[in-house]
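I would like the atomic coordinates for the input below:
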Amino acid sequence: MPHNQSHPLRTLLIFLYDLLAVVLAWCGAMLLRFNFDWPAQLNVEIVLGLMVLVPVQLVTCQAVGLYRGMWAFASLPDLRRLLRAVLVSFIAMLLYALLVRRGQAIPRSIVVLYPMLLLGIMAGGRIAWRMWREARQQRRRSGDRRARRPVVVVGAGRAGALLLHQLAGSPTWAVVALVDDDRNKWGLELSGVRVAGGRAHLPALLRQHGARDVILAVPSSSTEDVRKVSEIALEAGARLTTVPSLAELLTGRVAINAMRPVRIQDLLGRDAVQLDVAPIQAMLAGRRVLVTGAGGSIGGELCRQLARFGARSLVLADAGEFALYGIQQWFAELYPEVSVTPLTLDVKDAAAMQAAFARWRPHLVFHAAAYKHVPLMEVHNSWAALRNNAWGTLVAARCARDCGAERFVLISTDKAVNPTNVMGASKRLAEMLCEELAARSPGPGAPRTLMQIVRFGNVLGSTGSVIPKFEQQIRQGGPVTVTHPEITRFFMSIPEAAQLVLQAAAMGRGGELFVLDMGEPVKIVDLARRMIELAGFTPDEIAITYTGLRPGEKLYEEVLADGEKVCRTPHPKLHIARPDPVPAGLLAEAEAWLAHWGPRSDAEVRAQLQRWVAGYQPAAAPGPDADTPLPAVQLPEEARSSGVFPGPHSI
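Just a heads-up that it's a prediction; the model follows:
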């Protein structure tokens with residue numbers, strides 16, 4: 001007897017229906033065979049057959065799990081169970097016809113008629129019940145159709161079909177039309193909704209149905225496709241919503257109906273990176289990896305990608321307590337199997353860094369810790385920027401080499417190219433220090449650490465980027481502030497940047513300066529206008545104002561410095577730059593100057609950077625106090641003498 005605690009009566013009725021189906025199919029086959037003239041001469045055989053087939057049906061239906069499915073949602077898995085049940089019943093009937101012959105033989109045509117009728121009756125009942133239920137729900141929904149918002153769905157593929165099925169009972173949405181650029185689908189229907197044309201027909205369909213909403217139901221859409229649909233929808237005065245991406249759906253953590261508004265990241269982002277996964281996994285398999293700046297945007301995403309590609313354990317180093325806590329909790333929730341060690345560590349603290357490297361002995365080091373905010377680092381904070389970005393890199397790189405790490409990867413920036421600000425110049429100096437370290441021999445018998453540099457531009461949604469600022473200004477009703485009408489920037493997504501860093505690291509043989517393909521630059525004012533439109537406003541409702549370039553800010557960013565040459569790699573989005581040779585003696589001179597305990601003025605920092613970094617042209621420092629150094633602090637002799645790398649260091 002089938003068991004269903006939730007609906008025992010309903011399950012009993014279904015069970016009795018299936019037993020009745022055996023009787024109807026068996027007797028019906030006899031009637032069809034004898035032209036609806038009952039064969040009284042076969043009464044004994046008919047009764048004996050039922051005595052065999054009914055118990056077999058009882059056991060088989062329960063064994064194949066036929067009563068686990070609900071009739072209201074009968075589907076292909078239920079049909080497969082039905083086929084198995086009918087197959088067993090057919091075999092039982094065949095054995096009976098062959099082995100148990102009393103009186104007249106069972107006609108051979110019954111062997112074909114019985115299973116066909118049995119399948120038709122069992123499947124037909126379920127389909128009829130589902131059709132009746134859906135028709136009743138459709139009548140109920142048609143009564144409140146006016147209360148739901150009409151929406152046009154873009155995409156008549158599998159995702160569109162799933163979405164329509166899930167929206168069928170929605171109290172909010174009423175799908176009035178489908179559009180798809182595949183002309184073979186035009187005029188066809190999905191769940192009763194007609195494919196009315198392609199994307200070009202979208203404005204007319206929106207007007208026809210009075211719809212103000214569009215759902216993009218193509219999880220594998222390229223960025224260009226999303227951009228085109230967005231432009232059509234916005235020009236028609238409609239709001240565009242999208243389903244989760246294919247990558248999000250594959251994680252299993254989101255459903256197809258977990259819709260969200262299209263974000264500016266969807267329009268600026270680029271197509272998924274095609275990675276050569278094998279060398280990345282080989283580089284990371286069984287390795288302990290240390291990431292500095294692990295709580296930041298790039299550092300945090302690097303940690304996530306490292307876990308994805310099989311790193312054995314991660315040492316997360318960051319000077320910010322809250323940022324470090326956040327990435328630690330992310331791993332505890334989503335990757336509990338990865339060994340994670342969080343360290344509150346300042347990369348400028350050479351003694352603490354040496355102790356950490358000696359304790360954990362990382363095989364690979366990704367150095368993402370940096371001060372990145374250009375205007376903030378330009379005035380009053382130049383010394384802090386130089387110490388953190390250049391000295392911190394030197395400390396981390398030397399610690400990696402001293403502990404025998406296999407690779408050290410510096411995360412750099414396109415602002416290091418022909419820099420006009422302290423932040424960019426300090427990152428270029430960091431690159432140069434790594435280049436000189438990479439060129440030096442570690443000494444006889446010492447393991448060689450491969451030093452690599454990866455340079456790229458702005459990432460979407462990173463800490464301090466312009467997008468969160470614009471979003472906040474739009475929420476507050478404006479105005480949206482742009483520094484200059486002609487200012488442009490390169491953009492890439494954080495996951496893309498992190499994945500390409502790993503690809504470059506696996507590809508490098510030491511000493512390379514990798515440059516990522518950043519695509520086409522974007523005008524910031526166009527970015528602001530599009531974000532205003534995506535929020536449902538017009539530039540007349542939320543104004544855009546220009547505030548002037550900030551200290552150290554450039555109108556445009558460059559990927560290569562003047563005179564730098566580039567060569568291709570096997571990966572289309574990775575190139576290797578050939579910078580000018582590092583001046584002889586730079587490492588010793590820079591180390592001695594950067595090891596200074598006390599503060600230095602902005603003017604001193606700029607002057608020294610001009611000596612070291614070719615192409616650095618500092619902007620004028622605004623403000624009367626910009627070049628006034630902070631008062632020097634006198635440290636006790638024991639404190640000054642206890643520092644690691646207190647002066648020129650022998651290589």
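
which residue packs closest to Leu450, ignoring adjacent ones?
Leaving out its chain neighbours, the residue that sits closest to Leu450 by C-beta to C-beta, 6 or more residues apart in numbering is Gly510, at 3.8 Å. Backbone N, C-alpha and C define where each C-beta goes, glycine included.

mind checking how far the one you found is from Ala504?
From Gly510 over to Ala504 the distance is 12 Å, taken as C-beta to C-beta, to the nearest Å.

Tell me which of those two has more neighbours.
Ala504 (26 against 13; other C-beta atoms under 10 Å).

picking up where we left off before, what's the overlap in contacts for Gly510 and Ala504?
Gln452 (C-beta atoms under 8 Å, 6 or more residues apart in numbering).

if we can go back for a sec, residue contacts, the residue nearest to Leu450?
Applying C-beta under 8 Å, 6+ apart to Gly510 gives the contacts 438, 448, 450-452.

And Ala200, by the same measure?
Ile232.

List phi and psi for it.
The phi/psi pair for Ala200 (degrees, to the nearest 10) reads phi -60, psi -20.

circling back to that earlier point, which ones among the contacts of Gly510 map onto strands?
450-452 (DSSP state E).

in what helix or strand does Gly536 lie?
Per DSSP states H and E: Gly536 is located in neither a helix nor a strand.

Domain ranges for the chain, per the record?
8-140, 145-262, 277-460+490-518+558-612 (automatic domain parsing).

If you count neighbours, what's buried in stretch 478-488?
478, 480, 482-484, 487-488 (16 or more other C-beta atoms under 10 Å).

Now Ile298. Nearest residue, chain neighbours left out?
Using C-beta to C-beta, 6+ apart, the closest residue to Ile298 is Ala368 (5.0 Å).

which residues in the stretch 101-250 of the chain form strands?
Applying DSSP state E, counting those that start in this stretch to the stretch 101-250 of the chain gives strands spanning 149-154, 173-179, 189-190, 193-194, 213-216, 239-242.

Could you spell out the sheet neighbours of the last one, each with its direction?
To tie it back to what came earlier, the one meant is strand 239-242. Take DSSP bridges as the rule and strand 239-242 pairs in its sheet with strand 213-216 (parallel), strand 260-261 (antiparallel).

wait, what's in contact with the nearest residue to Tyr335 once chain neighbours are set aside?
Nearest non-adjacent residue to Tyr335, counting by C-beta to C-beta, 6+ apart: Ala307, 4.8 Å away. By C-beta under 8 Å, 6+ apart, the residues touching Ala307 are 314, 331, 335, 338.

for this structure, which helix is longest?
Ranked by residue count under DSSP state H, the longest helix found in the chain is helix 110-143.

gap between that helix and the chain center?
In terms of C-alpha atoms, centre = their mean, to the nearest Å, the centre of helix 110-143 is set 42 Å apart from its chain centre.

After the helix or strand where Ala21 lies, which helix or strand is next? Please name it.
Under the criterion of DSSP H and E, Ala21 resides in helix 8-33. Later in the chain than helix 8-33, the nearest helix or strand by DSSP H and E is helix 43-63.

And the contacts of the helix or strand following that following helix?
Next along the chain after helix 43-63, taking DSSP H and E as the criterion, comes helix 76-99. Contacting residues not belonging to helix 76-99 are listed as 18, 22, 26, 48-49, 52-53, 56-57, 60-61, 64-66, 69, 105-106, 110-111, 114-115, 118-119, 122-123, 126 [C-beta under 8 Å, 6+ apart].

If any of those residues are buried, put those into a PyMOL selection.
Buried subset of those, written as a PyMOL selection, criterion 16+ other C-beta under 10 Å:
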select buried, resi 18+22+26+48+49+53+56+57+60+61+64+66+69+106+110+114+115+118+119+122+123+126
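
Just send the strands of the stretch 101-250 of the chain back as TSV, with mean neighbour count too.
Shown next, in TSV, are the strands of the stretch 101-250 of the chain (neighbours: other C-beta atoms under 10 Å):
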stretch	mean neighbour count
strand 149-154	22
strand 173-179	23
strand 189-190	16
strand 193-194	18
strand 213-216	24
strand 239-242	20
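
With just CA atoms, put the one helix or strand Ala397 maps to into PDB.
Here Ala397 sits within helix 392-402, counting by DSSP H and E. What follows is helix 392-402, C-alpha atoms only, in PDB (Å, rounded to 0.1, in the frame of the first residue of the first chain):
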ATOM      1  CA  GLY A 392      55.900  47.700   1.900                       C
ATOM      2  CA  THR A 393      56.400  45.900  -1.500                       C
ATOM      3  CA  LEU A 394      60.200  45.700  -0.900                       C
ATOM      4  CA  VAL A 395      59.600  44.200   2.600                       C
ATOM      5  CA  ALA A 396      57.100  41.700   1.300                       C
ATOM      6  CA  ALA A 397      59.300  40.700  -1.800                       C
ATOM      7  CA  ARG A 398      62.400  40.200   0.300                       C
ATOM      8  CA  CYS A 399      60.500  38.200   2.900                       C
ATOM      9  CA  ALA A 400      59.200  36.000   0.200                       C
ATOM     10  CA  ARG A 401      62.700  35.400  -1.200                       C
ATOM     11  CA  ASP A 402      64.200  34.800   2.200                       C
END
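
buried set for that helix?
Neighbour-count burial for helix 392-402 [16+ other C-beta under 10 Å]: 392-401.

Restricting the selection to alpha carbons, write stretch 281-291 to PDB.
Taking C-alpha atoms only, stretch 281-291 is exported to PDB below (Å, rounded to 0.1, in the frame of the first residue of the first chain):
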ATOM      1  CA  GLN A 281      45.700  24.200 -10.700                       C
ATOM      2  CA  ALA A 282      49.200  22.800 -11.000                       C
ATOM      3  CA  MET A 283      50.600  26.000  -9.600                       C
ATOM      4  CA  LEU A 284      48.200  26.000  -6.600                       C
ATOM      5  CA  ALA A 285      47.700  22.300  -5.900                       C
ATOM      6  CA  GLY A 286      48.800  21.500  -2.300                       C
ATOM      7  CA  ARG A 287      50.300  25.000  -1.800                       C
ATOM      8  CA  ARG A 288      50.100  27.500   1.000                       C
ATOM      9  CA  VAL A 289      49.400  31.000  -0.300                       C
ATOM     10  CA  LEU A 290      49.900  34.300   1.400                       C
ATOM     11  CA  VAL A 291      47.900  37.300   0.200                       C
END
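
Pull the distance from it to the chain's centre.
21 Å.

residues making contact with it?
The contact list for stretch 281-291 (C-beta under 8 Å, 6+ apart) reads 299, 302-303, 306, 309-317, 356-357, 360-366, 368, 405-407, 502, 505-506.

and with 6 Å instead?
299, 302-303, 306, 309-315, 362-366, 506 (C-beta atoms under 6 Å, 6 or more residues apart in numbering).

Stretch 186-198 now?
156, 161, 164, 175, 177-181, 185, 205.

Pick the one among the residues you listed closest to Ile494.
Of all those, the one sitting nearest Ile494 is Asp181; the distance, using C-beta to C-beta, is 30.5 Å.

residues contacting the closest one?
Neighbouring residues of Asp181 by C-beta under 6 Å, 6+ apart: 198-199.

Against His201, how distant is it?
10 Å.

if we can go back for a sec, and the next element down the chain from the helix or strand containing the residue nearest to Tyr335?
Using DSSP H and E, Ala307 maps to helix 297-308. Next helix or strand after helix 297-308 toward the C-terminus (DSSP H and E): strand 313-318.

The helix or strand just after that following strand: how far from the chain's middle?
Sequence order places helix 321-334 as the next helix or strand after strand 313-318, per DSSP H and E. Offset of helix 321-334 from its chain centre (C-alpha atoms, centre = their mean): 18 Å.

can you check stretch 12-31 too?
Distance, centroid of stretch 12-31 to centroid of chain: 53 Å (C-alpha atoms, centre = their mean).

Great, nothing more from me.
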